[in-house]
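J.: Give me coordinates for this.
(chains A and B)
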Amino acid sequence: MVERLHGLPRIDRISARAKAPDRFVVKAAKLTECGQRKYSDPLNQIQDQVGARIVCFFLQDVPVISNRILEYLRPIEERDVVPDSRYKFGYFGKHYVLFYPDDIIDDSNKPKPNVFELQIKTLFQHAWSEADHDLRYKPMGVMDEHFERRVAFTSAQAWGADQIFRELFEEAVSNGDERIESGTAVAPTHRIKPTLA
Amino acid sequence: MKILSAFSFLVHPSKHEEEQPAIGGTELTLEGGLGFMLSSAFTKASAECNIEIAFQMALDGSQQNPVRNALITVVKNPNLENARVLARKLQAVTTHRSGLGLLFVLIGKDKESDQIRCYVARFPADSGIVAEEKAEQLEIEFIEQVFMKSAKSYKAVVYEGESTDADFWEGKAVDKQISNSAVAISGYWIREFLQSDFKTTPANGTRRFALALRDTIQSSTDLEVKEELTALASLAKNINNKVVSIENLGDRFGLSGKALDELHAALKKPSYRFTKFTFSAAEFRKHVRYRQTQLDNGATLSAPADKFDECFQKSEVAVGANQVEYRTRGRVVNEGLRKGK
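T.: As a prediction, the model looks like this:
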């Protein structure tokens, strides 16, 4: 993925992970609203057993990265994950379910399912989702309305920051700062850091 | 693997017609010559179908494809009506140019594993002559609506899997019309009927080929192989948007056996030789930008790969002298010094 995204500016990090067995078990045991098992065949139905994430600086970078990824990988799903109401704040992100690239697959032992999940997020979307995810897995007891409202508030703050940075970026570019658009103004420490979790 | 269910439908060309004609179909019992032919085709399907394809997701990005859904329905519940849905989809995209066709839908299951195979094939209609010898006589009859597997426009696809949730997103097709043809030829079977595309994207296939080409030129110790492959790099711009495989690129450009062997050896997987993809000149230029020739007098000539032969005119100094002369003409725009390797 690092190779395929070579040359694109303003990518903060690219990471990938295999789902931890305990997290898989929790997900596999999930029930629907009617109390039925959500997954009848979790080993085949759960498609984020391998997940990858690309974190970028600005909202404008998300479609650029998406287009580059789709040049090389075939999708079976593309989703803009947003809260289910315009009045809510929560998780935001661009998700794909993609075929594994052939180059990394052993043809005699193909993985099942033959797809992985890719998330493309801005720094603020990523920071919020990581903090929220960590909170949800802590043994804190009941998360009441006040708790949820404060979590939503932080999501709104992150969303707002993304919107402002989008406007600032557009102003900077229209003011003729070519370094911003091309990414050459990025400080050298902001490099693509491939990590395996 | 044994065929458990087999269905056949006569599919008339009806693209753009407001009223689609009814489709005659039958469930087959696979006896005699027909049974033998279909069983043989079914068994060999994985080897014969060599174009890797994948269903396209819905336009809204959801994990839905109506042809895949129809296929899953037939796999889960193989009956005439469920199989007829596939025939209707084929009819709706078949033009008069493609003509009448006989569609077969075969479902099989492996006894030992839970592997399921679904094979869909279209035999085009043709006319033919039947000759029958009787004693000292020969009876000849002209018949229409003969359907032949060996015909140039025979098409098939096979899907295999155990899980109808996880599997059956990718399949393998054969389309005898795809050789050196443009993308439009594969549009009917793969894109319009199966609502699929080549599993290897243009950028991915082209990148794979470009890197193999570059690596081979770099590592080969045979000057003739290097020359053949660098010449190919110059000509690659002429195959933009053509459906190719690394195997047929060798045929198309008349590569020697030695050059082909070295190129194939540079591929990460042997199967990449046969993988079909649409060639992308833009992607190729990213990886094979410059062509370079070095002479024994210390001169190094460099130019964009697709313009090298325009920039430098090459001629032999004298027959048998094993020396060449390069000529070029232009205005000096830059000069510089480089450190050695």
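
J.: ok, the residue lying closest to residue B:10 once chain neighbours are set aside - how many residues close by?
T.: Distances taken as CB to CB, 6 or more residues apart in numbering or on different chains put residue B:24 closest to residue B:10, at 5.1 Å, once the chain neighbours are dropped. Heads up, the C-betas are built off the backbone N, CA and C, glycines and all. Neighbourhood size, residue B:24 [other CB atoms under 10 Å in any protein chain shown]: 12.

J.: so residue B:24 makes contact with residue B:9?
T.: Yes: between residue B:24 and residue B:9 there is a contact at 6.8 Å, judged by CB atoms under 8 Å.

J.: May I have the residues that are in contact with the residue sitting nearest the centre point of chain A?
T.: Residue closest to the average C-alpha location in chain A (CA atoms, centre = their mean): residue A:119, at 2.8 Å. Contact analysis of residue A:119 by CB atoms under 8 Å, 6 or more residues apart in numbering or on different chains lists A:51-54, A:93-96.

J.: swap in residue A:100?
T.: A:50, A:111, A:114-116.

J.: Assumed residue B:39 was part of a helix.
T.: Yes: using DSSP: H, G, I helix; E, B strand; the rest coil, the assignment for residue B:39 is a helix.

J.: which SSE is the residue in the stretch 201-341 of chain B positioned nearest to chain A in?
T.: Per CB to the nearest CB, residue B:203 is where the stretch 201-341 of chain B lies closest to chain A, at 4.1 Å. Assigned by DSSP states H and E, residue B:203 falls within helix B:202-219.

J.: helix or strand right after that helix?
T.: Assigned by DSSP H and E, the successor of helix B:202-219 is helix B:223-235.

J.: give me every residue that touches residue A:38.
T.: Contacts of residue A:38 were listed using CB under 8 Å, 6+ apart, and they are A:30-32.

J.: Return the residues in contact with residue B:320.
T.: Per CB under 8 Å, 6+ apart, neighbours of residue B:320: none.

J.: Now do the same for it: its pLDDT.
T.: On pLDDT, residue B:320 comes in at 74.

J.: so it, which of the three states?
T.: Per three-state DSSP, residue B:320 ends up coil.

J.: Could I get the average pLDDT for stretch A:153-164?
T.: For stretch A:153-164, mean pLDDT is 97.

J.: Please state the offset of that stretch from the chain centre?
T.: 16 Å (CA atoms, centre = their mean, to the nearest Å).

J.: Please work out which residues outside it touch it.
T.: With CB under 8 Å, 6+ apart as the contact definition, stretch A:153-164 has outside contacts at A:58-59, A:89-92, A:122, A:124-125, A:127-128, A:131-132.

J.: Same list (the contacts of residue A:38) but as TSV, adding pLDDT, secondary structure and distance to residue B:319.
T.: Shown next, in TSV, are the contacts of residue A:38 (pLDDT from 0 to 100; DSSP: H, G, I helix; E, B strand; the rest coil; distance: CB to CB, whole Å):
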residue	pLDDT	secondary structure	distance to residue B:319
A:30	90	coil	79
A:31	91	strand	84
A:32	90	coil	82
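
J.: Dump those into CSV; add neighbour count as well.
T.: What follows is the contacts of residue A:38, written out as CSV (neighbours: other CB atoms under 10 Å in any protein chain shown):
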residue, neighbour count
A:30, 11
A:31, 10
A:32, 9
